[in-house]
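Asks: Okay, sequence plus prediction incoming.
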Number of protein chains: 4
Amino acid sequence: MTDHPEKYWIGFDLGGTKMLAIAYDNDWRELGRRRRKTRGRDASDSGTARIISTIHRLLEESELDPKQIAGIGIGCPGPIDIEKGRILTTPNLGWDDVKVGDSLTKEFGCPVVVLNDVDAGVYGEYQFGVAKGARCVVGIFPGTGVGGGCVYEGNILHGAGVSCMEVGHTRISSSGRGSGIELLGTLEAEASRLSIAAEAAKAAYRGDAPRLKKECGTDLADIRSGALADSIEHDPAIRRLVEQAAETIGIGVINIVHILCPDTIVLGGGLVEAMEKLFVDTVTSTAQNGVMSVYKDRFKVVAAKLGDDAGAKGAAAWARRQLADQK
Amino acid sequence: MTDHPEKYWIGFDLGGTKMLAIAYDNDWRELGRRRRKTRGRDASDSGTARIISTIHRLLEESELDPKQIAGIGIGCPGPIDIEKGRILTTPNLGWDDVKVGDSLTKEFGCPVVVLNDVDAGVYGEYQFGVAKGARCVVGIFPGTGVGGGCVYEGNILHGAGVSCMEVGHTRISSSGRGSGIELLGTLEAEASRLSIAAEAAKAAYRGDAPRLKKECGTDLADIRSGALADSIEHDPAIRRLVEQAAETIGIGVINIVHILCPDTIVLGGGLVEAMEKLFVDTVTSTAQNGVMSVYKDRFKVVAAKLGDDAGAKGAAAWARRQLADQK
Amino acid sequence: MTDHPEKYWIGFDLGGTKMLAIAYDNDWRELGRRRRKTRGRDASDSGTARIISTIHRLLEESELDPKQIAGIGIGCPGPIDIEKGRILTTPNLGWDDVKVGDSLTKEFGCPVVVLNDVDAGVYGEYQFGVAKGARCVVGIFPGTGVGGGCVYEGNILHGAGVSCMEVGHTRISSSGRGSGIELLGTLEAEASRLSIAAEAAKAAYRGDAPRLKKECGTDLADIRSGALADSIEHDPAIRRLVEQAAETIGIGVINIVHILCPDTIVLGGGLVEAMEKLFVDTVTSTAQNGVMSVYKDRFKVVAAKLGDDAGAKGAAAWARRQLADQK
Amino acid sequence: MTDHPEKYWIGFDLGGTKMLAIAYDNDWRELGRRRRKTRGRDASDSGTARIISTIHRLLEESELDPKQIAGIGIGCPGPIDIEKGRILTTPNLGWDDVKVGDSLTKEFGCPVVVLNDVDAGVYGEYQFGVAKGARCVVGIFPGTGVGGGCVYEGNILHGAGVSCMEVGHTRISSSGRGSGIELLGTLEAEASRLSIAAEAAKAAYRGDAPRLKKECGTDLADIRSGALADSIEHDPAIRRLVEQAAETIGIGVINIVHILCPDTIVLGGGLVEAMEKLFVDTVTSTAQNGVMSVYKDRFKVVAAKLGDDAGAKGAAAWARRQLADQK
């Protein structure tokens, strides 16, 4: 058994491809971590079971006493019923109406705070990372979809009992392309990693991207961020596609600036990590040139810096903050 | 001299075509009002002078003692430097960098709060009108431009020292149409009254809108909200244009719901007043059908009900609220 | 009575605002001309009567014997039933199903050939003007609408008994703007003089085009080609609108090149005449940069050079050619 | 050696994935055929060698005397230099500037006519198939790209020495999607089988198309016409994508009708064959509803009926026709 007599916090990041659990003491020192594959399209029950067993393994490996958990914060994809701790729907994962909060509370007997995964990541960057001290920070994370999150004057911006900032599902073009919801021409339909991968696969198929064709073929599942980052050094057609996507995210930033006027925009996720300079530079220049003159230079675009930990750490920090508020 | 020994509040609404000043006692009973034309494209100085003389006339006519003013709240078009009480730029009025706050403070020797005019109107509806008690209310007011405002958990949503919610200047289409700023395909470029009027004038010119042609001709300055409301009863082509604009505003609402998840959307302004049912019904149906399923039925779309007074009353109420906070 | 014992030809150009009749001898020497206003939205009958009386006046003034008319060629707006000599519909003039051919034949007792007005103008440029000897020439004439015409291997390109080349009514964008027909986002909706005028009027109304505002106001009927040509020298916003329209016509040219691969593109009409260099340069550069590499440099873009006479002269020449074929 | 003392014709269809050679006697009776894989991205030389050896095998197997070839007609993808018998560029195959005509003439010592493959297919349908007797027939063949061809008054419509009707490369939307050339938003970028496959792969990846995911996975190379035809019976998301593409082709048809007013539109290729009713019905209804009223019912949309033979047979027939003209 552990020699940590104190309470500690669990932060959990449930992603589309992997899940990550980290334990933190009250000074945010890490006590242990456990990572596993998510297994997309598992039934949600087995998904919840997998979350629970991941936490158990973390506790065992780190010799932490389950009774000492102060609280669990878990960031989950898609819109979240934050009041009931429920995943509402995950267009890209296939989990609908999963009561994550109840399951974890029942299992671990501690308070559980469920929030949107990008909100968690942005809160992490706000508390510990690149957005420390921001009055208003908006995160945009292009991946399979395009996630968004916002911390406004210290709080995660949300609706009545529900997460929001689904910036990937806002319409920014007249395109007929969709992304799993009714609305077409959304930021996600135009600029997610999946959308880039699809256009890249077409270019490869047509013979316009020989490097990508050779390294990855034309299967979307194989055209990951790293492959794209490699290809843009050799295939001009792919470079153009990625730049075009970054410009489109720049348009999304313009819209966000005109609505919320954040001082900080954080770009994150594997795609941005793999091509950080291209994304930060392109988004900055598109956004600075496109916003109304009065908003120019009122915001900066930066890359996330906590990497994979942002979500778990942010979720834990938000849980602590929420539970403190409730007292 | 007045028999109101008490302090009172001045609310001022500076619009593109008219200005309105109203005096309120502490219980929001109206003590008097004065309305005048704004005279677009006057030099801003004479504009400020006009604001001041309008307030003086109000005080004289209502026999109010200038020394008893508790504070002035003034809603002005365009992005506002709320810290310095300055109009930053008004694409549609031609006032740039006008220090309204300083001028009024100097003249009347009382605290002055300057805010965006649509924020003022939305705050008015939140305090006294159709959005009373809303957790988050967003107002969309199509006119010469398309103004936006938001009250989030009791406060006007804004940036660091600057107003935001410039929803009219968010991009929602790939159209090449502009509206006075760099960014094309914005909500304002597609769905303002001015844009409707321009398309309507084209239809009239082509002979597709005989009623409008006969009643108004093809001058944008003459194709006002009332004329459009009349025309839609007789010219199917104009009805379609107006419906199309309302659908486009519905798209704007979808984006706002996905970002902020407000519980209440208030539509206001002369265009909506003139065709209230068409706008509320069309926007509601476009938005409810287009939002992600989890947001469906989490919001309602309603017409403003304070009419022309919303801005002045809201400005006064916000001024009082701000000054109370500062104590 | 005339001293021309020979037969002669009448060319007639029926435009939206003016009509022009010219008589030619067999060597295309002009024998006389008569011009009049068209009076848009007259009933078509009075329109036909007006055409007839215009020809009578021409004959009288030029002392030409009506019995010596070899044939009349008349170019009319909109799709034409070339078999029956009928105007089918004129979205911008209001003439539907008008039997021009029969009326003229009955009155003058000579063969009458009815064709589309832009076809007539392009045929004129092909026979006498800038497109002499072209294997395939396409004309694009932006005005109230955007007219098109094509001479392919010496013949006007047409459908079975009906004119075609309604290039203004092809869709080139996802815009929601219309132009009197079901289809939205057409070349005409985006780039006609009327569309430019509407956007220009908006800019004037907003205060972004002070020169235009001062010279013309905001009435579409007053914002003619000359006014636009004047304004672009002083109002950068208007220059941009006109350039944008020219670029859009360049897109239309790309489409035409990819479909028909003409060797000559003729731009004509009052708008092009008023700003010839801007249009020819912008359309050339947009088109040359946008066509597939194999079509680059296979075509040239030129301005029409016959001016107002192109339509009448082309109509007469086409009538002669058609009647010669029939023998 | 053969007992056909008469001359005979060779028709050759060079496709992206397969090549087909057929020999015909003067009454268009088939004398033999040979089919082989094309091997995309082979060097063009070996490609030409492969064409030649395919013809040799056909002759051997069918016991045809090479000296008796009256002429060879060969349809090749991409824009064709019809004067010099050269493939100019094949965005989707990687053959640039290949002198097919010279090579075949040198090898077989007979006249060779090189034409665009879709032109060949459309000419085949015009001479022997569904478009017999059409005054003007346009073919649209969606595959890896979207090919087009036109027979106008008995002749293949073409530019000066070069094929045209690259209808797939005309811009019909404001989308930012490309297809191997500069121009974005083209019919091919929006509605080719490859574009459908890319969007379908995204849906499969997101979990919105379980059947397709299960049967084909997410590799574009595996999502062929048959797979899509199967999937639309089970995956509503895929059905919608295919319908949307068919509607987009309908828009392309509207544009073609407004330009050329053909009486017959032939849809062909593997995608259309696999879902003939869906394509013919959707394209018909989109086009009939969208064309100007005067063009309504002046055209019919039909599926090709010669199948794989159209190209080879049409090429042979066109060669015969051309060579007859030259005498």
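Replies: Looks like it arrived, so ask away. Given the structure is predicted, the values throughout are model-derived calculations rather than measurements.
Asks: drop to CA atoms for contacts and neighbour counts, all remaining ones
Replies: Noted.
Asks: Run a quick neighbour tally on the residue in the stretch 51-200 of chain A that chain C sits nearest to.
Replies: Going by Cα to the nearest Cα, chain C is nearest to A:Ser174 of the stretch 51-200 of chain A, at 6.0 Å. If you count neighbours by other Cα atoms under 10 Å in any protein chain shown, A:Ser174 ends up with 22.
Asks: next one: A:Lys214
Replies: Per other Cα under 10 Å, the neighbour tally for A:Lys214 reads 11.
Asks: and what of the one 4 residues further on?
Replies: Under the neighbour criterion other Cα under 10 Å, A:Thr218 is assigned a count of 25.
Asks: ok so, going back, my guess is the residue of the stretch 51-200 of chain A closest to chain C contacts A:Gly185, does it?
Replies: Yes - counting by Cα atoms under 8 Å, A:Ser174 sits close enough to A:Gly185 to count as a contact (5.5 Å).
Asks: for A:Leu241, what are its contacts?
Replies: For A:Leu241, the contact set (Cα atoms under 8 Å, 6 or more residues apart in numbering or on different chains) comprises A:196, A:199-200.
Asks: Would you check how far apart A:Asn26 and chain D are?
Replies: In this view, A:Asn26 and chain D are 38 Å apart by Cα to the nearest Cα, to the nearest Å.
Asks: next one: A:Ser175
Replies: 5 Å.
Asks: which residues touch stretch A:181-195?
Replies: Taking Cα under 8 Å, 6+ apart as the rule, stretch A:181-195 contacts A:91, A:142-146, A:167-179, A:196, A:220, A:224-225, A:245-246, A:248-249, A:252, A:271, B:289-292, D:202.
Asks: ends of it, how far apart?
Replies: 15 Å (Cα to Cα, to the nearest Å).
Asks: The residue nearest to A:His158 when sequence neighbours are not counted: neighbour count?
Replies: In space, and not counting its chain neighbours, A:His158 is closest to A:Cys164: 5.2 Å by Cα to Cα, 6 or more residues apart in numbering or on different chains. A:Cys164: 28 surrounding residues under other Cα under 10 Å.
Asks: tell me the phi and psi of A:Ala160?
Replies: Main-chain torsions, A:Ala160, degrees, to the nearest 10: phi -70, psi 100.
Asks: What pLDDT is listed against A:Gly16?
Replies: You'll see A:Gly16 listed with a pLDDT of 77.
Asks: And the one 10 residues further on, by the same measure?
Replies: The confidence metric pLDDT takes the value 95 at A:Asn26.
Asks: how near is it to A:Gln68?
Replies: Taking Cα to Cα, one finds A:Asn26 at 12 Å from A:Gln68.
Asks: do A:Ala227 as well
Replies: A:Ala227 is 43 Å from A:Gln68, by Cα to Cα.
Asks: ok, and the most crowded of the contacts of A:Leu241?
Replies: With neighbours taken as other Cα under 10 Å, the top of those is A:Ala200, carrying 30 neighbours.
Asks: In three-state terms, how would that one be classified?
Replies: helix (DSSP: H, G, I helix; E, B strand; the rest coil).
Asks: my guess is it contacts A:Arg239, does it?
Replies: No - assessed by Cα under 8 Å, A:Ala200 is found out of contact with A:Arg239, at 9.5 Å.
Asks: so what's A:Thr90 closest to, chain neighbours aside?
Replies: A:Gly78 (4.8 Å).
Asks: Surely the one you found and A:Leu115 touch.
Replies: No - A:Gly78 is beyond contact range of A:Leu115, at 9.5 Å (criterion: Cα under 8 Å).
Asks: Same drill for those two, tell me which one is more crowded.
Replies: Higher neighbour count among A:Gly78 and A:Leu115: A:Leu115, with 32 against 26, using other Cα under 10 Å.
Asks: Which residues does the more buried one form beta bridges with?
Replies: Beta-bridge partners for A:Leu115, by DSSP bridges, are A:Gly75.
Asks: can you pull the pLDDT of the residue in the stretch 201-327 of chain A positioned nearest to chain D?
Replies: The stretch 201-327 of chain A approaches chain D most closely through A:Asp219 (3.6 Å), counting by Cα to the nearest Cα. Looking at A:Asp219, its pLDDT is 98.
Asks: which residues do A:Ser174 and A:Gly185 both contact?
Replies: Counting by Cα under 8 Å, 6+ apart, nothing touches both A:Ser174 and A:Gly185.
Asks: for whatever helix or strand A:Ser285 lives in, packing partners?
Replies: For A:Ser285, the enclosing helix or strand under DSSP states H and E is helix A:276-290. On a contact count with 3 or more Cα pairs under 8 Å, 6 or more residues apart in numbering or on different chains; DSSP states H and E, helix A:276-290 meets helix A:236-260, strand A:300-303.
Asks: change it to 10 Å
Replies: Identification of packing neighbours for helix A:276-290 by 3 or more Cα pairs under 10 Å, 6 or more residues apart in numbering or on different chains; DSSP states H and E yields helix A:236-260, strand A:264-267, helix A:270-274, strand A:300-303.
Asks: So which of these has the densest surroundings on average?
Replies: strand A:264-267 (a mean of 26; mean count of other Cα atoms under 10 Å in any protein chain shown).
Asks: Point out the other elements, helices or strands, that the helix or strand encompassing A:Glu107 touches.
Replies: Counting by DSSP H and E, the element that carries A:Glu107 is helix A:100-108. Where contact means 3+ Cα pairs under 10 Å, 6+ apart, helix A:100-108 is packed against helix A:44-62, strand A:69-76, strand A:86-89, strand A:112-116.
Asks: cutoff 8 Å now
Replies: helix A:44-62, strand A:86-89, strand A:112-116.
Asks: just to revisit the earlier point, name all residues that make contact with the residue nearest to A:His158.
Replies: When contacts are counted by Cα under 8 Å, 6+ apart, A:Cys164 touches A:79, A:149, A:157-158, B:257-261.
Asks: now with 7 Å?
Replies: A:79, A:158, B:258-261 (Cα atoms under 7 Å, 6 or more residues apart in numbering or on different chains).
Asks: Please apply the same query to A:Val291.
Replies: Contacts of A:Val291 by Cα under 7 Å, 6+ apart are A:Ile254.
Asks: just to revisit the earlier point, phi, psi for the residue of the stretch 51-200 of chain A closest to chain C please.
Replies: Torsion angles at A:Ser174 (phi, psi; degrees, to the nearest 10) stand at phi -90, psi 10.
Asks: Quickly note the distance from the residue nearest to the spatial centre of chain A to chain B.
Replies: By Cα atoms, centre = their mean, chain A has its centre lying nearest to A:Val118, at 3.6 Å. Applying Cα to the nearest Cα, the value for A:Val118 to chain B is 13 Å.
Asks: Would you double-check that that residue falls in a strand?
Replies: No - A:Val118: not assigned to a strand; according to three-state DSSP it is helix.
Asks: From the chain's centroid, how far away is the helix or strand A:Asp13 falls within?
Replies: For A:Asp13, the host element (DSSP H and E) is strand A:8-14. Computed by Cα atoms, centre = their mean, to the nearest Å, the chain-centroid distance of strand A:8-14 equals 15 Å.
Asks: for stretch A:315-327, same thing?
Replies: Chain-centre distance of stretch A:315-327: 20 Å, with Cα atoms, centre = their mean.
Asks: Contacts for stretch A:11-23 next, please.
Replies: A:8-10, A:30-40, A:55, A:72-77, A:93, A:117, A:311-313, A:315-316.
Asks: Show me which of the residues you listed are buried.
Replies: Among the contacts of stretch A:11-23, those buried by neighbour count (16 or more other Cα atoms under 10 Å in any protein chain shown) are A:8-10, A:31-35, A:38-40, A:55, A:72-77, A:93, A:117, A:311-313, A:315-316.
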